[in-house]
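**Q** Could you work out the structure for the sequence below:
(one chain, ligands or ions: 1)
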Amino acid sequence: MTEPTRTTCPYCGVGCGVLARPDGTIQGDKAHPANFGRLCSKGAALGATIGPEGRLLYPQIAGARASWSEALGLVAKGFKDAIQTHGPDSVAFYVSGQLLTEDYYLANKLMKGFIGSANIDTNSRLCMASSVAGHKRAFGSDTVPGQYEDFELADTIVLVGSNLAWCHPVLFQRLAAAKAKRPGMRVVTVDPRRTATTQIADLHLGIRPDGDTALFNALLAEIARRGLIDQDFVAAHVEGLETSVASARSTPKSDGLTEQDRNAFIDLWCRSERVVTLYSQGVNQSAYGTDKVNAILNCHLASGRIGRPGMGPFSMTGQPNAMGGREVGGLANMLACHLDIENETHRQAVQDFWNAPVICQKPGLKAVDLFDACGKGQIQALWIMSTNPAVSMPDADGVAAAIRSVPFTVVSDIVDETDTARLADVLLPATAWGEKSGTVTNSERRISRQRPFLPAPGEARPDWKIIADVATQMGWGADFCYASEAEVFREYAAMTRLSRDFGRDLDLTGLSGLSDAEYDALAPVVWPVPETGHQGPRFFADGGFYHANRKAKMLPVEAPAHRRSEQGLILLNTGRVRDHWHTMTRTGRAAQLNAHLAEPYLEIHPEDAARIGLLPASLARIESPQGTAILRVMISTRIAPGQAFAPMHWTAETSSAGRVNTLVAPLTDKVSGQPASKSQPVRVTAFGAAWYGFAASTEQMTPERPYAAVARSDTGWRAEIAGCKTPHDWVGEARAVLRIDTGTASLSLDSARGTARVAIAHKERLLGLFFAATEPVAVARAHVIALIGTETPADVALAGVPGMDRPDPGAIVCACKSVGINTIKAAIRDGAASVDALGGCTGAGTGCGACRPELEALIARTMPPALAAE
Ligand code: SF4
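**A** Numbering: from 1, shown residues only. Take a look at the predicted model:
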């Protein structure tokens, strides 16, 4: 067997080390300090996502294959013409936290230093811009002070707006392991809904949406009342204490909590010198996100609990290289190396370093404003790199229309059939994970290498090379002439000398002299990496903040007034599921990742479901002024009355009506420009389906019915469907859904039960199975999928459930070991009273461990009371 390549997972901000082989074998890298060998279900399934299917292999112009030279020439001309006629601010780049640092660096250099505009923004704007803005307001720089090991060293961990168990599973596993070793550790979750993460919590605070500022202001007021202000630290290093405490004292208790819960939290926080407050999208994706961040930072600054082992605020980023993008100036309001656009000296230094003809003079358009400007005809040429804004942006339909209206749109990506790629005039094929080479920075400022272990398919090129090629075609070849990504990295690392000389945090000068071989072998390293005198991995234990007076600023922050929804409206919270990443262009290829949650859904409280008339597994229509979605109903007390949750992963490729960002208004935080994606008022009604269906096929099905969600399965494709009119010809309907027009069809109709079932076989081999009913279809889906491709007789297959000799495993809970819910429940009923016991008899939870919170919840729900009491 060939030696594996050491690389880094391309999904979340944990930044796990991966050992990868060209045959798709994937293992966690035990030597990587982020994960020490662990991987979550997404990371473990990376091998299933690297095939050639769906890849964009050649440049395309207006949908037709073109040569690189034709495509690059056209892109350069499109941008040059727009700049010449309408000025540099008439063009824009929308880039991605999926890009490597070297890609990001050159995109930023081209736009800000050569085109002369700052109209480059990134999908990281949707992820953590409020944290960046909060850091800059408090610290004077965008600095994450702590390290992952602080989660293991802390006595109390507070997880605010973070479903760590699903969104950063390996960190969650590290936390769970630390708590198991040190049971005295306390975990608090602060979240309007109960999630898999809540399973580990000693205390769950189900705050009102956007109640975070009120909660942390109450904490600050109590820190002051109890005399817990670190007077020495504050006197030496912090300003703004008095006004912040005064503001906190006058804040109404509008967090939606009981006195008892609030006091329990405050008491725990105050008693724990070693306390980490980790926050994520639930804090950031808000119209008040920056204030929420500063409310958290205020508490750590006032108490001096920052920068020492086991304590501090910690912003958890969503994307694999959101941090790298921040470092090289990938946001429209920043320069490279954490320098400020508004600062003339900084601008001049950056221009001089690049020997650039111009430099942007003001911040550019942030994501929402950028697409707004597209829709208003202000952007003449747009380049979207490695992201899918027609799905992921708020008001996704409006954004798609805005992109369509831009006279010249370029998309560079690894796949050719995304909702955004369909809107492009020019498509440029980029290399994917496993093919590309560069660096990423994770949430603890650790730089790791992504290394290639596969050849680039077709004519795909690295993003940094595409950007350099376009710059060359635009006339700046001498300034974009790089032999390798290592050369780009050296230039960037050398540029951080500017940051150091301006007294800023970001210093990679110690890496600026790496040879190609040293760059290739670079081990994961936490910045700063100065040439001499390394200060250690944490910031601010002894002050040294980055405002001009070297002090941190506490800011008085007001809690937003409690917004009451219009009568009957539900507040929609959007987010992620455990086994999918963003718009599923990669995770959707792995059948095992589709088995956990195979369709988009709306999680809603039983009281609201009863009021609206929603039944379990029925369909709901969700409407806002922006758009409409139709989602499967999941009734649950994990969500509070008046609220609902829906995942954001489904696209027009995978669902007919599951794009939840079509519902979200483009409302943003006024400081950070980050959209508020977690509190959209929506109207929910029952969707009147005449029939519901489930289908499994050897062929790729498409989401064409009023409700449809398709996904890859182990034997082909699976689909959940529903229609508004009962078909007269069920066989014809089945063939259309299954996309099979050959073979022999067998039909089973039961008009008393309102069911229709169709099997299609060719030479006795089952090609497709179709089940329809007037109510949500109750068949054993895993069993039905497993029958495809077998020679099971049609009458047996149409039963839709396995015989007594083959129990139905049910929907998959443990993706790594393919263990279904029925198997798990049966084992619990047979006496498996702990997650480890379940692992022993079923294997569930013994892979990546991401399902362990769900297993605990199942044990709590399924175990007979007598057994539970023992
Ligand atoms: Fe990848 Fe999972 Fe690690 Fe995130 S936690 S980096 S998705 S393996």
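
**Q** Tell me which helix or strand residue 767 sits in.
**A** strand 765-773 (DSSP states H and E).

**Q** mind listing what the residue of the stretch 251-400 of the chain found nearest the ligand touches?
**A** Residue nearest to the ligand within the stretch 251-400 of the chain: residue 320 (6.7 Å; CB to the nearest ligand atom). Heads up, the C-betas are built off the backbone N, CA and C, glycines and all. Going by CB atoms under 8 Å, 6 or more residues apart in numbering, residue 320 touches 8-13, 15, 97-98, 440, 442.

**Q** restrict the residues you listed to contacts with the ligand.
**A** 9, 11-12, 15 (CB under 6 Å from any ligand atom).

**Q** quick one on the thing from earlier: quick one: which of the contacts of residue 320 is nearest to residue 253?
**A** residue 13 (32.7 Å; CB to CB).

**Q** Is it correct that the closest one is in contact with residue 326?
**A** No - the criterion here is CB atoms under 8 Å, and residue 13 misses it with residue 326 at 11.3 Å.

**Q** follow-up on the earlier one: got the contact list for the strand holding residue 767?
**A** With CB under 8 Å, 6+ apart, strand 765-773 has contacts from 691-699, 730, 733-734, 737-738, 740, 742-743, 753-761, 777, 779, 784, 787-792, 794, 797-798, 800.

**Q** buried subset of those?
**A** Among these, those buried by neighbour count (16 or more other CB atoms under 10 Å) are 691-698, 730, 733-734, 737-738, 740, 743, 755-761, 777, 779, 784, 787-788, 792, 794, 797-798, 800.

**Q** Strands - which of these land there?
**A** Within the buried ones among the contacts of strand 765-773, residues falling in strands by DSSP state E are 691-697, 755-761.

**Q** thought residue 31 was touching residue 19?
**A** No - if you go by CB under 8 Å, residue 31 and residue 19 don't touch, sitting 9.2 Å apart.

**Q** any idea how far the ligand is from residue 707?
**A** Separation of residue 707 from the ligand (CB to the nearest ligand atom, to the nearest Å) stands at 29 Å.

**Q** Okay, and the residue nearest to that residue when sequence neighbours are not counted sits in which element?
**A** Of all residues not flanking residue 707 in the chain, residue 722 sits nearest, at 3.9 Å (CB to CB, 6 or more residues apart in numbering). Here residue 722 is covered by strand 716-723, with elements defined by DSSP H and E.

**Q** Export stretch 257-266 to CSV, keeping only CA atoms.
**A** Provided in CSV are the C-alpha atoms of stretch 257-266 (Å, rounded to 0.1, in the frame of the first residue of the first chain):
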residue,chain,number,x,y,z
LEU,A,257,-34.8,32.8,31.0
THR,A,258,-36.1,32.1,34.5
GLU,A,259,-34.3,33.8,37.3
GLN,A,260,-33.2,30.4,38.6
ASP,A,261,-31.5,29.4,35.3
ARG,A,262,-29.9,32.8,34.8
ASN,A,263,-28.6,32.8,38.3
ALA,A,264,-27.3,29.3,38.1
PHE,A,265,-25.4,30.3,34.9
ILE,A,266,-24.0,33.5,36.4
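
**Q** can I assume residue 746 sits in a strand?
**A** Yes - checked against DSSP: H, G, I helix; E, B strand; the rest coil, residue 746 lies within a strand.

**Q** Quickly note the distance from residue 449 to residue 511.
**A** Distance, residue 449 to residue 511, using CB to CB, to the nearest Å: 12 Å.

**Q** list residues touching both of those two?
**A** Taking CB under 8 Å, 6+ apart as the criterion, residue 449 and residue 511 both touch residue 522.

**Q** wait, what's in contact with the residue nearest to residue 707?
**A** Per CB under 8 Å, 6+ apart, neighbours of residue 722: 619, 687, 689, 691-693, 705-708.

**Q** For the ligand, what's its nearest residue on the chain.
**A** residue 43 (2.4 Å).

**Q** hmm, stretch 426-433 touching the ligand?
**A** No - Stretch 426-433 stays clear of the ligand (CB under 6 Å from any ligand atom), getting no nearer than 10.6 Å.
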